[in-house]
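Colleague: A predicted structure for the sequence below; I have some questions about it.
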Amino acid sequence: MPSSVNKGDIRIWAGEFTDGDLTTAPFTVTRTGKLNATDADITGTINSKSGNIGGFVISDKSLVSESGSIIKFFNK
C-alpha cells in the first residue's frame, strides 16, 4: 500500500477506495470496532440503545417515528 494512503482509524477494509482514502471503502472496521458497511444484508439479532433504523429513532426505552408516533418499551 502506498505511503500516501489515508488510513484514518481504519484497521480492516474491503472493496475499492478512492483518492487514497481507506475511509471511502464500502466495508471498514475501526480500531475500536465500529463497523461501516454499504449495501449490507444483516441476519440475526441486533441490539441497540441508540441510533436510527427504518425511519425510527432508537432510545433505550422507545422508538419514535419520523411522523412523531412513539412506541414505548417497559422493563418487566
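Modeller: It's in. Residues are numbered from 1 along each chain as shown.
Colleague: rest of the way, CA atoms for contacts and neighbours
Modeller: OK.
Colleague: burial of Ile12, as a residue count?
Modeller: Neighbourhood size, Ile12 [other Cα atoms under 10 Å]: 15.
Colleague: Isn't it up against Thr28?
Modeller: Yes. Ile12 lies in contact with Thr28 (Cα atoms under 8 Å); the separation is 5.6 Å.
Colleague: Spit out the residues that contact these two alike.
Modeller: Overlap of the contact sets of Ile12 and Thr28 (by Cα atoms under 8 Å, 6 or more residues apart in numbering) is empty.
Colleague: my guess is Ala37 meets Thr24, correct?
Modeller: No. Taking contacts as Cα under 8 Å, Ala37 lies outside contact range of Thr24: 10.5 Å.
Colleague: Looking at these two, which has the bigger crowd around it?
Modeller: Thr24 (16 against 13).
Colleague: check contacts around that one.
Modeller: Glu16, Phe17, Thr18.
Colleague: Include secondary structure, pLDDT and distance to Lys72 when you put those residues into JSON lines, please.
Modeller: As requested, the contacts of Thr24 are arranged in JSON lines below (DSSP: H, G, I helix; E, B strand; the rest coil; pLDDT from 0 to 100; distance: Cα to Cα, whole Å):
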{"residue": "Glu16", "secondary structure": "coil", "pLDDT": "94", "distance to Lys72": "41"}
{"residue": "Phe17", "secondary structure": "coil", "pLDDT": "92", "distance to Lys72": "41"}
{"residue": "Thr18", "secondary structure": "strand", "pLDDT": "91", "distance to Lys72": "42"}
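Colleague: Let's see if you can find the most crowded of those.
Modeller: Phe17 (15 neighbours).
Colleague: Spatially nearest residue to that residue, not counting backbone neighbours?
Modeller: Among residues not flanking Phe17 along the chain, Ala25 sits closest, at 4.4 Å (Cα to Cα, 6 or more residues apart in numbering).
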